[in-house]
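**Student:** Fold the stuff below for me.
(one chain, ligands or ions: 2)
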Amino acid sequence: MATLAPQGPAAPAGSTCLAVTDVHHQYTSEPVLRGIDLAVAPGERVALMGPSGCGKSTLLLVAAGILVPTAGSVSVCGELISGLGSDERAAVRRRRVGFVFQFGELVAELSLRDNVALAAELAGAPRREALRDADGILDRVGLLALGRRKPGEVSGGQAQRSAVARALVHRPSLVLADEPTGALDRENAAAVLDLMVELVAERDAALLVATHDDATADRCDRVVGIIDGAVDR
Ligand SMILES: Nc1ncnc2c1ncn2[C@@H]1O[C@H](COP(=O)(O)OP(=O)(O)OP(=O)(O)O)[C@@H](O)[C@H]1O
Ligand SMILES: [Mg+2]
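**Tutor:** Ligands and ions are numbered 1, 2, ... in the order given. Just a heads-up that it's a prediction; the model follows:
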């Protein structure tokens, strides 16, 4: 008789791009994440879905090493980040991870080109190489001609395409995106989603995207439902 594959916890950290194991988190006395297990394979695209307040953004911040979970472990590309100090976590994040926020969160004082180049420099590229890579990916998202403008001088869709460029310029292994099209109208949302998915695939990155949008989930390999801080099984 055939045996079913075991439905155990996350695969060993070495074989995954992201391994979240029995993660708990609380900001106050109220538990927000309650024992999350989640593994994302290299190149895999996973949508995180669930009601407002269920813990999607918190889980992404934990995966990025921006927040340290109250309990449990997080590994990115086999590096156990939950045991590291904030400087070491930032170093792993800058090299390995790209983050797309709902409202872009570009640096207002810097041009689009410098915003993108900064991410490449923080990942270790010399300035000249960072600018070359920034121009390359801004061209790819159709914004090379607007590279000298600041985020406040372009449309919301253009700013979000720049945010996608910034998240991918350093060829991260893992892209984390928190409602990346949530602030855009349908047409701009579709354009940003297309670019993000294409660039993630071209650059062999994995994607973990929190979304309320079925069109985004449809572009992923699988959907992980979160309910009240736990994976919906
Ligand atoms: N900095 C914080 N301090 C205290 N509580 C917080 C903080 N950030 C989030 N929370 C709480 O944690 C819970 C989960 O929030 P989170 O932002 O992760 O939800 P979400 O699933 O991303 O929701 P949405 O779909 O609305 O973006 C919520 O109850 C929220 O109020
Ligand atoms: Mg959220």
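
**Student:** Residues touching stretch 192-200, excluding its own?
**Tutor:** Among residues not part of stretch 192-200, those counted as contacts by C-beta atoms under 8 Å, 6 or more residues apart in numbering are 45, 100, 137, 140-141, 157, 160-161, 164-165, 168, 175, 177, 180-181, 184, 205-207, 215-216, 219. No exception for glycine: its C-beta is placed from N, CA and C like everyone else's.

**Student:** do the same with stretch 69-82
**Tutor:** By C-beta under 8 Å, 6+ apart, stretch 69-82 touches 13-14, 16-26, 33, 35-36, 62-63, 65, 68, 83, 88-89, 92-93, 96-97, 173-174.

**Student:** From those, list the buried ones, please.
**Tutor:** Among the contacts of stretch 69-82, those that count as buried by neighbour count (16 or more other C-beta atoms under 10 Å) are 13, 16-21, 23-25, 33, 36, 62-63, 65, 68, 89, 92-93, 96-97, 173-174.

**Student:** rewinding a little: looking at the contacts of stretch 69-82, which are in strands?
**Tutor:** Counted as lying in strands by DSSP state E, out of the contacts of stretch 69-82, are 18-26, 33, 35-36, 97, 174.

**Student:** What is the nearest of those to residue 110?
**Tutor:** Proximity of the ones in strands among the contacts of stretch 69-82 to residue 110 (C-beta to C-beta) peaks at residue 97, which lies at 20.1 Å.

**Student:** List the contacts of the closest one.
**Tutor:** Per C-beta under 8 Å, 6+ apart, neighbours of residue 97: 64, 65, 76, 172, 173, 174, 175, 176.

**Student:** how about the residues of the protein that lie near ligand 2?
**Tutor:** Taking C-beta under 5 Å from the ion as the contact definition, the chain meets ligand 2 at 56, 57.

**Student:** picking that back up, ChimeraX command to pick out the buried ones of the contacts of stretch 192-200?
**Tutor:** Command for ChimeraX that selects the buried part of these, burial taken from 16+ other C-beta under 10 Å:
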select :45,100,137,140,141,157,160,161,164,165,168,175,177,180,181,184,205,206,207,216,219
